[in-house]
Structures are given as structure tokens and as C-alpha cells.
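[1] Below: sequence and its predicted model.
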Amino acid sequence: MAATTDREEFVRLTDPYRRELLAHCYRMLGSVDDAEDLVQETYLRAWRAYGGFEGRASLRTWLHRIATNTCLTALEGRVRRPLPAGLGGPSNAPEEPLRAPATDVEWLRPLPDALVDPATVVAARGSLRLALVAALQNLPARQRAVLILRDVLAWRAPEVAALLGTSTAAVKSTLQRARARLDEVAPEEDLVTEPDVARDRELIDRYMAAFEHADMDALLELLQDGVELEMPPHLDWFRGTKDVLRFLGVRVSEPGRVRMLPTGANGQPAVGSYERGADGAYRAHSLQVLDVTGAHVPDLHDAHAAPALGVRGARIARITAFLDPDLFARFGLPKVLPQVRR
């Protein structure tokens, strides 16, 4: 009976941190599946050690220590999870067929917003953004851990040093190197807009309508000049509105060929894209995550403004289209949509 009571107490006290730990492990690993496995391992380790927990640190800090060490062990000998832009330059042949998928690469995967506590998404949305998580994968595991613990979770240097079994000076040096490397590979944070539910919904609605009506002119209005389009597992990717629209124009040339449903990933707007088959049914094609920038543009409803571009000052800077229908279930999206009756 006592063991049952202890177990119930452990679950009651630790379960509120599960989603936060999932976000932490995802930042470290770049994979939801791996992160969930390691959160489960974290809880198993924590339960086995619970009898010795003396409360010298908070329960939250204790769980993050276990999770971090679990992630560091899992990362030993692993290669980083990239996106296509991290493996080579952009393609210059947007109208040509894509190269065969790179099935030997363990790609970075998107994180469904529904799996993370909304407060975590709001408080640490920058550290969950897809492009930044991709940049974190360029850091060695210990540098990655130090940067996340110090700059995301706001741990003090001595706390990080105690976790890693090193000195405070070593932690500070590691953090400096990690920040320098991240500055080389990370997107510019100041160009990313703050979340705005009404603006994001308007942008998503217009984005979906442009695809569903095969309206490349409407899509152009939503894109930043240097927009990037990536499509893992393909190595090919494109930069600039000209090449991106040439690529999409060849493949989305007929109104009604594509349907879309909105969702959210990594604290960013996202859509599930479906393509019509010969039987008229729409089948899952790609999960598209959008990076939205805050470039200044005139208001859509200002009659005295220049022609409107974007949505309330926002444009799409990057489209990461994961060509993996198996992702749809993760996001609560159906794999097949019924035929539209006319």
C-alpha cells in the first residue's frame, strides 16, 4: 500500500512537467519520437531515484537534470538532424524533377503545438522555432545542452557545471563558443514576428486559398523576396520568389488540385496539404511549416497605402514542407479528405 501511495505521489508531483520536458528533449534531439522516448526514460530514472530525492533543488530542476543527462547519453555517436538547406546550396532548376529522396538522412522533424503546453509555446516560442532547432543541431551535444540550460531555461552557470561535472569557468567558455557558432548558422531573431492569432489566421487563410485556387499572384503577395522552400526528404531546395513560384507553378497549376487544413507546429503557423487523386479523393501530401517575418508592409485596408503585400506587415520567409503523410496523425489531421461534391 505504501508503494502505491508513493507512486501516486510521484505521478501527481511530476506529471505537470511532462510537456515541458518534451520540449526540452525535442530541442536537444530534433525529433518528437525520440523526445517522447527519452521523456519516458527520464520518468523511469526519476522514479527509481525518487526515494533519494532530498529537495535540495526544485523538482523541476531535478527532472531537467535527469532529462539532460538522458539526452546526452542518447546523442553519443549520433549525427545531427538537418534540414535540406543545412546540407548544400539552393537548386537552380525549379522546373526540373526533384532528385530522389535522401532516405539515408535522419531529418529534423516538426513538433505539433498540441503536444506542448501552451504556456511553454508562448514563453519559449523562439527556442522551439523549426529553423532555430535546426541551427541547434549544428552544436556538439554538450554545447547544445549548455546553451539550452543557460539561455532557454535560465539556469545559473554553477548549476549547469554541477550537472555536467565541470567547472563554472568551463561552462562559461562552452556557452561563449555555442553562442558564436549559433550566430553563424541561426536565422535572424529580430525578423521573426511575435505570435498574433488574428494575423496568423488571416495569413493562413490567404495562403491556403492561393494554393487551392492555384493563384500564384496571390501567393506572391504573401512571400518575402528571399523566401526559402525546403522539402525533406528531398535535398533540393529553392531561394527567392522567382524560383519558388516557378517550382510551385509547375506543380500547382490547376484550381482544385490541392486542399489544405490549418494546424500549428513549433509555435508557428502550419498547414496540412492534400493532393487530389484519380478517384477524386484528397490524400495527405505534405505538412508545411511557415516562418513569418515582420517586414513592414502597408495595411491591407488602408485605402491610401501602396498596394498591399503580406498580412498586417507580415510575410512568409520560409516554407518547410515535410513530404511525409505519416506526420498527419501526429497533428490530428486525417490522411484522406473526401471528394468535393460540385
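    Received the coordinates, thanks.

[2] Please put the alpha-carbon coordinates of stretch 37-46 into CSV.
    What follows is stretch 37-46, C-alpha atoms only, in CSV (Å, rounded to 0.1, in the frame of the first residue of the first chain):
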residue,chain,number,x,y,z
ASP,A,37,11.1,8.0,-25.7
LEU,A,38,13.6,9.9,-23.7
VAL,A,39,10.9,11.7,-21.6
GLN,A,40,9.6,8.2,-20.7
GLU,A,41,13.2,7.1,-19.9
THR,A,42,13.5,10.3,-17.7
TYR,A,43,10.5,9.4,-15.7
LEU,A,44,11.7,5.8,-15.2
ARG,A,45,15.0,7.0,-14.0
ALA,A,46,13.3,9.6,-11.8
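
[3] So for that stretch, mean pLDDT?
    Model confidence over stretch 37-46 averages 98 on the pLDDT scale.

[4] ok, residues contacting it?
    With C-beta atoms under 8 Å, 6 or more residues apart in numbering as the test, stretch 37-46 has contacts from 10, 14, 18, 21-22, 25, 29, 62-63, 66-67, 70-71, 74. Where you see a C-beta, it was placed from the backbone N, CA and C, and this is true even at glycine.

[5] ok, so of those, who is nearest Glu96?
    Nearest to Glu96 among those, counting by C-beta to C-beta, is Leu29 at 34.0 Å.

[6] Distance check, the closest one against Asp37.
    Distance, Leu29 to Asp37, by C-beta to C-beta, to the nearest Å: 9 Å.

[7] just Leu132 next, same as before
    As judged by C-beta to C-beta, Leu132 and Asp37 stand 23 Å apart.

[8] What of Val252?
    Distance, Val252 to Asp37, by C-beta to C-beta: 37 Å.

[9] what do you get for His64?
    Distance of His64 to Asp37, given as C-beta to C-beta: 17 Å.

[10] so which strand or helix has Lys88?
    Heads up, residue 88 is Gly, not Lys. Gly88 belongs to no helix or strand when assigned by DSSP states H and E.

[11] thought it was touching Leu235?
    Yes: with contact defined as C-beta atoms under 8 Å, Gly88 and Leu235 form a contacting pair (6.5 Å).

[12] what are the phi and psi values for Leu290?
    The phi and psi torsions at Leu290 (degrees, to the nearest 10) take the values phi -110, psi 130.

[13] typed the wrong thing, it's Leu139
    Note on Leu139: its backbone torsions stand at phi -90, psi 140 [degrees, to the nearest 10].

[14] ok now do it, which residues does it touch?
    Contact analysis of Leu139 by C-beta under 8 Å, 6+ apart lists Leu147, Ala178, Arg181, Leu182.

[15] Now the two most distant members of these.
    The widest separation within the contacts of Leu139 (C-beta to C-beta) is 9.1 Å, between Leu147 and Arg181.

[16] okay, those two: which has more neighbours?
    Using other C-beta atoms under 10 Å as the criterion, Leu147 and Arg181 rank with Leu147 on top: 22 against 18.

[17] contacting residues around the more buried one?
    Leu147 is in contact with Leu136, Leu139, Leu175, Ala178, Arg179, Leu182, counting by C-beta under 8 Å, 6+ apart.

[18] one step back: quick one: which of Leu132 and Asp37 has more around it?
    Per other C-beta under 10 Å, whichever of Leu132 and Asp37 has more neighbours is Leu132, with 20 against 15.

[19] Which strand or helix spans that one?
    Using DSSP H and E, Leu132 sits in helix 130-136.

[20] If you count contacts, what does that helix end up packed against?
    When contacts are defined as 3 or more C-beta pairs under 8 Å, 6 or more residues apart in numbering; DSSP states H and E, helix 130-136 sits against helix 18-29, helix 168-185, strand 282-293.

[21] Distance to Glu221 and mean pLDDT added to these, as a markdown table?
    Compiled in a markdown table, the helices and strands packed on helix 130-136 are given as follows (distance: least, C-beta to C-beta, whole Å; pLDDT from 0 to 100):
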| stretch | distance to Glu221 | mean pLDDT |
| --- | --- | --- |
| helix 18-29 | 33 | 97 |
| helix 168-185 | 30 | 95 |
| strand 282-293 | 14 | 96 |
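
[22] do you know how far Pro101 is from Met231?
    Separation of Pro101 from Met231 (C-beta to C-beta): 9 Å.

[23] shared neighbours, the two?
    Shared contacts of Pro101 and Met231 (C-beta under 8 Å, 6+ apart): Leu323.

[24] So for the two, which sits in the more crowded spot?
    Set Pro101 next to Met231 and count neighbours by other C-beta under 10 Å: Met231 wins out with 21 against 15.
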